[in-house]
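Enquirer: predicted model follows, preceded by the sequence.
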Amino acid sequence: MTKILVTLTALAFILTGCDTLRFAPSEQQKQNAWLHNCTAIVAAEDAKAEQTSPELQALTELSELQSRAFVSYFGVPKEFPEAKTAEDILAQSNWQLARTALAESAERPDTWQVADSAIELAIAVCALLGGVYGTKAASFLKDARAKSAALKEIIAGNELFKKQNPAQAPVFKEAHQAQSPQTRQIVAEMKT
């Protein structure tokens, strides 16, 4: 049973790839999407009021329509930035909001977060399945999660030790030469 769950989880990651994993939209990203829509609305209204070319008016109208998809995708924010006029929209705080949302949008979960999420999902599936095998699999996965957290702490501690004691780093590395190639590969992957 455990082998099936692990295989299915690994298969899901292989088929979708880790690059598709993203964090849920933050409040700043939701505010930025909503602000983008407000910006497009004001731009379209201004283009009509200033009697710009029909092409510019059409472009701003299309931009407003397209920006609605961003709000739908990201979700409505809990707090709305002031955005009734062009002056409101062009406030320095909204420029900073846009920069923050841009930086957050490039973030991806790290390996530890993906592994923890996969283990949590597998534990939930085992709980749903129930029975003796489900209970055993959930217990196994909880143990694996605890060992994963411990390994993460050990690696972080070792890296901190090497940074604080640069003279000891060669001796530290030499002590790890007896590790198997598989262990060295796992540790190297976890450091990144």
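Expert: Okay, I see it.
Enquirer: could you list the domains of the protein?
Expert: The chain is divided into the following domains under automatic domain parsing: 22-105, 111-191.
Enquirer: where among those domains is average confidence lowest?
Expert: For these, mean pLDDT drops lowest on domain 111-191, to a mean of 78.
Enquirer: re earlier: tell me the most buried of the domains of the chain?
Expert: Ranked by mean neighbour count, the domains of the chain are led by domain 22-105 with a mean of 15 (mean count of other C-beta atoms under 10 Å). C-betas here are computed from N, CA, C, even on glycine.
Enquirer: residue ranges for the helices of this protein, please.
Expert: Taking DSSP state H, the helices of the chain run over residues 2-16, 27-49, 54-74, 86-89, 92-105, 111-129, 131-164, 169-175, 181-191.
Enquirer: kindly reformat the ones you listed as CSV containing distance to residue 80.
Expert: Formatted as CSV, these follow (distance: least, C-beta to C-beta, whole Å):
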stretch, distance to residue 80
helix 2-16, 34
helix 27-49, 6
helix 54-74, 11
helix 86-89, 11
helix 92-105, 12
helix 111-129, 30
helix 131-164, 39
helix 169-175, 52
helix 181-191, 42
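Enquirer: now residue 158. Nearest residue, chain neighbours left out?
Expert: Of all residues not flanking residue 158 in the chain, residue 172 sits nearest, at 7.3 Å (C-beta to C-beta, 6 or more residues apart in numbering).
Enquirer: next one: the one you found relative to residue 155, how far apart?
Expert: When distance is defined by C-beta to C-beta, to the nearest Å, residue 172 is 13 Å away from residue 155.
Enquirer: same thing with residue 93?
Expert: As judged by C-beta to C-beta, residue 93 and residue 155 stand 40 Å apart.
Enquirer: can you check residue 177 too?
Expert: Counting by C-beta to C-beta, the gap from residue 177 to residue 155 is 17 Å.
Enquirer: ok, residue 120 next?
Expert: As for residue 120, its distance to residue 155 is 21 Å (criterion: C-beta to C-beta).
Enquirer: likewise residue 69?
Expert: As for residue 69, its distance to residue 155 is 42 Å (criterion: C-beta to C-beta).
Enquirer: please apply the same query to residue 168.
Expert: 17 Å.
Enquirer: check residue 103 too.
Expert: With the distance defined as C-beta to C-beta, residue 103 ends up 27 Å from residue 155.
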